[in-house]
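1. got a predicted model here, sequence first, then my questions.
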Amino acid sequence: MLISDVMTDFAGEIGAEGGFYTTSEGRISIDEINIGQAASQALNKPAGKYFVLGFDRLELNRAELLEAMHKCIKRLIKFKKSEKAMVIGLGNEMLTADSFGVLTAKLVDAKINSIYSITPGVAAQSGMESADYISILATAALPDHIIMVDSLFTQNHSNLLESIQIANAPLGAGSGIDKKRDSLAKLPKAKSVLSIGYTTTASLQLPNRQACVVTPADCDAYVTTISSIAAEALNMSLSLTGGGG
C-alpha cells in the first residue's frame, strides 16, 4: 500500500513536555512520557500521560509483559464495581498488521462486571466510519470508561513488534496515515479514556518520495501473542480480583 505521507502514532517519536522517565519490569523497559497542551497542539496529538513498553520479542517473557501492562493500566484507570467500561477494538481483522485491536477486544471477558466489548471494523467492511458507529453505541451505553485498542505506526523500525503504548488519551481510527478517518475524540464524555496500541507497521521511503507501509514477516505470530496478553491485562485491571477497586 502506497500513501502520500505517514505520521507516527508513537509518543516516544513526537516529543514530550513535563518529563520523560524510564523504569523497568524485569526485562521490560517502561518510558513515561507526558504530552502537555502546548505540545499537543503543536504535534496534533492528544495531551496525556503515555507509557511506552519496550521488549525484545525474541526473548519475550509473557509474565513480565503482563505485569508491566497491568501496572500501567492501573495507573491510568480506576475502575469501580458500580461503573461500566467499553473496550473498543479498532482495525481490520482481515489484515494481520491491523488486527491487534480486534483480536484483543474479542478476548476481553465481557462477563466481568459491566464490560462492553465491541469491534466496529473499518468503513470498507461496514460502510460506516468507526467513529460514527462507536459514537452511537457509546451514547446508548454511556460507559464510565472508554478503552481503545489499535495497531500503531512507528517511524523507527527498531520499534516494530517490540513496543506497546498505553495512554490516558484517545486514538483516532486510522491514526498514522495522512487524511485519517474521523477522530474518536468526539465520544460522549467519560470518566476516563484509555488507549492501548501495538507497533505493527512502519514507513519506508521509496525513490519516488512516496511512503510504503511495511510490516515484519513474523507479524502474525506476535500480534496473536500480544493481543492475548493485552486482553488478559485488561481482564485483570477491570476485575475486582485483579485490583479493580
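-> Alright, I've got the coordinates. Values in this document were obtained by computation on a predicted structure and should not be read as measured data.
2. now do the helices in this structure.
-> In the chain, the segments counted as helices under DSSP state H are 37-43, 62-76, 100-107, 123-126, 130-141, 219-238.
3. tilt between the last one and helix 62-76?
-> It stands for helix 219-238. Interaxial angle, helix 219-238 versus helix 62-76 (axes from the mean of the first three to the mean of the last three Cα atoms, to 10 degrees): 50 degrees.
4. kindly report the same for the fifth one.
-> If you take the same axes, to 10 degrees, helix 130-141 sits at 70 degrees to helix 62-76.
5. buried set for helix 130-141?
-> Neighbour-count burial for helix 130-141 flags 130-131, 133-135, 137-138, 141 (criterion: 16 or more other Cβ atoms under 10 Å). Where C-beta positions appear, they are placed from N, C-alpha and C, glycine not excepted.
6. pLDDT of the lengthiest strand in the chain, averaged?
-> Longest strand of the chain, by residue count under DSSP state E: strand 192-205. For strand 192-205, mean pLDDT rounds to 90.
7. so how far is it off the chain centroid?
-> 6 Å (Cα atoms, centre = their mean, to the nearest Å).
8. check which helices and strands it sits against.
-> Judged by 3 or more Cβ pairs under 8 Å, 6 or more residues apart in numbering; DSSP states H and E, the packing partners of strand 192-205 are helix 62-76, helix 100-107, strand 145-154, strand 163-167, strand 211-214, helix 219-238.
9. burial count for residue 201?
-> 23 (other Cβ atoms under 10 Å).
10. look up the residues forming beta bridges with it.
-> Note on residue 201: beta-bridge partners by DSSP bridges are residue 153.
11. how close does residue 199 get to residue 223?
-> From residue 199 across to residue 223, the span is 11 Å (Cβ to Cβ, to the nearest Å).
12. more neighbours, the two?
-> Between residue 199 and residue 223, counted using other Cβ under 10 Å, residue 199 has the larger neighbour count: 28 against 23.
13. surely the more buried one meets residue 162?
-> Yes. Contact criterion Cβ atoms under 8 Å: residue 199 and residue 162 qualify, at 7.3 Å.
14. so where is this structure shaky, pLDDT-wise?
-> 1-20, 42-44, 113, 122-127, 172-186, 240-245 (pLDDT under 70).
15. I figured residue 145 was touching residue 86, is that so?
-> Yes. Counting by Cβ under 8 Å, residue 145 sits close enough to residue 86 to count as a contact (7.3 Å).
16. between the two, which one's more packed in?
-> The neighbour count for residue 145 versus residue 86, taken as other Cβ under 10 Å, is higher for residue 86 (24 against 21).
17. the nearest residue to residue 234 once chain neighbours are set aside - how many residues pack around it?
-> Once flanking residues are discounted, residue 234 sits nearest to residue 108: 5.4 Å by Cβ to Cβ, 6 or more residues apart in numbering. Per other Cβ under 10 Å, the neighbour tally for residue 108 reads 23.
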